Every structure is written in C-alpha cells, then in structure tokens.
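Engineer: model this:
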Amino acid sequence: MAFFERDEMIRRLFIGTLFGVLTILSLRAQVQEPKQSERTPATKVGENPFDKFQEFSATHKGGFTDDPERKMYRSGNLMRFDYSDHYRVAELDNRILWLVYPDKCSKAPALDLGVFPFPRKFHLESSNPVGNETVDGHVCRVEDMVLAGEQARYRMRLYQAEDLNGFPVKIDVENLGNKLKFEISYTNVSLEKPDPKLFQHPVTCDQKNIPAAAPTTKKPTSHPKP
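Structural biologist: Next up, the predicted model:
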C-alpha cells in the first residue's frame, strides 16, 4: 500500500512541476512577444505608405544622385534641405524650390531630388512582408512593395522602424521602367513638428534681408530636374 501511495505522490509532484514550468514559459513569452496592436501594421493595397509622415526631421543619405548626409525637415507642404553654403526650401504642391544663401537667393520651378519618395502620389499595388531586421538600432518590419506613381512604377523594400510609427529608416528602390536602383537611408529621425522658422525664405529674391543659411560640413551637390 505504501508503494502505491509513494508512486501517486511522485506522479502528482511531476505533474505539478511540469505545470509550473509551462506556466513560467508562457508568461515569459507574453512579456517578450509584443502585442499585435503595438506592431507596425501592414500597409494595405491602395494606400500610400509615405502619406502619414507629414511632420518630421532626419538626416538623409543616398537617393537618385547618391547624396552625402544632409539634414532635412518636413512640415506638411514644405521640405527643407541643408547644404554647406545654403539651404533649400521646397514647396511641394506648386513645385517651387527656393535656394537661400547668406547674401542672395534664387527660385526655380523644380524640387530638390531629396523629396523623393514623400510627396509622390503613389498607389500600393502589392505588399509582401519579409520579416524583421534591426537597422541603426531600430527594430524594423520589412516589406517588399510595388508602388505605382504618375509616371513610373517602383519596387521598394521598406525597413519600417517599430519605435518610429513605421517610418522607413531605409528604402531599397528599383525603377521598374528604366531598372535604375538606389538606396535611401534616414538617421536621427524625429517625428516632432519642426520649427516653422526653418522654412522661412524671402518673398522675392531681390530682398536684401536674407535669412542666414544653416551651416553644415558637407559640400553642396548639384541636382538634375526630378
């Protein structure tokens, strides 16, 4: 009789220990695994993944002309880019670019190429989640997308930072028409609204009181028309 009681005691002890281990593992997984609601949601077909980023600042690098690092800012319809001897303010809706130097300025019916891809009117044709990857310290949701614009279609791989509301800290781009490939990266990203004074420029370029250009250490890069 004692033999059976001891066997039953061992069985109960084993079951209790196993249940405890499984409970601990389950709780640990819940702590480590982020909730679905906290993850960057997948972009839906028909959406433009860049539309939600209307206010931000970042250090931009790469693009069409493989630009060196330069500071950029966006506030709605306005974007600013800092060059070594001047800064540029782009008015996105009417495609006007102001080039502001310490003692002069110029105005052109164009946009700095650094605005790409944010003001483009893209339509998402397809999206395929690739997985997760850490870029510049940010855990990113990686998606392969095909985006149709007004004049071209692009294949893009977006590295969307979970801690920056899905901001694409890195984009691999391929123009599906001419097969041009390039990479864009964004570091030091802030989703705070930039100071409105950053976008000041003369009303006309014959004014003497020109806003001072923000100093940088990089040399300016000339750009062709987008």
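
Engineer: next SSE after the longest strand along the chain?
Structural biologist: If you go by DSSP state E, the chain has its longest strand at strand 123-135. Going down the chain from strand 123-135, the next helix or strand is strand 138-148, by DSSP states H and E.

Engineer: mind checking how far that following strand is from the chain centre?
Structural biologist: Per Cα atoms, centre = their mean, to the nearest Å, the displacement of strand 138-148 from the mean C-alpha position of its chain is 10 Å.

Engineer: Now the most centrally placed residue in the chain. Nearest residue, chain neighbours left out?
Structural biologist: Central residue of the chain (Cα atoms, centre = their mean): Pro168, 2.4 Å from the mean position. Distances taken as Cβ to Cβ, 6 or more residues apart in numbering put Leu158 closest to Pro168, at 4.4 Å, once the chain neighbours are dropped. Backbone N, C-alpha and C define where each C-beta goes, glycine included.

Engineer: Would you confirm that that neighbour contacts Pro49?
Structural biologist: Yes: shown here, Leu158 and Pro49 form a contact pair, counting by Cβ atoms under 8 Å, at 6.4 Å.

Engineer: who has more neighbours, these two?
Structural biologist: Neighbour tally, Leu158 and Pro49, criterion other Cβ atoms under 10 Å: the higher count belongs to Leu158, 26 against 22.

Engineer: list the contacts for that one?
Structural biologist: For Leu158, the contacting residues are 49, 142-143, 145, 168, 170-171, by Cβ atoms under 8 Å, 6 or more residues apart in numbering.

Engineer: Where do the domain boundaries of the protein fall?
Structural biologist: Using automatic domain parsing, the domain parsing of the chain gives 1-33, 55-199.

Engineer: can you pull the contacts of Leu111?
Structural biologist: Here Leu111 is in contact with 90, 92, 95, 97, 119, 226 (criterion: Cβ under 8 Å, 6+ apart).

Engineer: Which residue ranges of the protein form strands?
Structural biologist: For the chain, the strands defined by DSSP E occupy 55-62, 67-75, 78-82, 87-91, 96-100, 105-108, 123-135, 138-148, 153-161, 167-175, 181-190.

Engineer: in this protein, which ranges drop under the pLDDT threshold?
Structural biologist: Residues of the chain meeting the criterion pLDDT under 70: 1-43, 206-226.

Engineer: 50 - rerun?
Structural biologist: The model of the chain has pLDDT under 50 over residues 1-4, 18, 21-22, 24-25, 27, 29-38, 213-226.

Engineer: out of the strands of the chain, which comes closest to Phe199?
Structural biologist: Of all the strands of the chain, strand 78-82 sits nearest to Phe199, with 4.5 Å by Cβ to Cβ.

Engineer: The closest one pairs with which strands, and in what direction?
Structural biologist: strand 67-75 (antiparallel), strand 87-91 (antiparallel) (DSSP bridges).

Engineer: Would you mind giving the ones you listed as JSON lines with mean neighbour count and distance to Glu192 added?
Structural biologist: Converted to JSON lines, the strands paired with strand 78-82 look like this (neighbours: other Cβ atoms under 10 Å; distance: least, Cβ to Cβ, whole Å):
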{"stretch": "strand 67-75", "mean neighbour count": "20", "distance to Glu192": "10"}
{"stretch": "strand 87-91", "mean neighbour count": "23", "distance to Glu192": "19"}
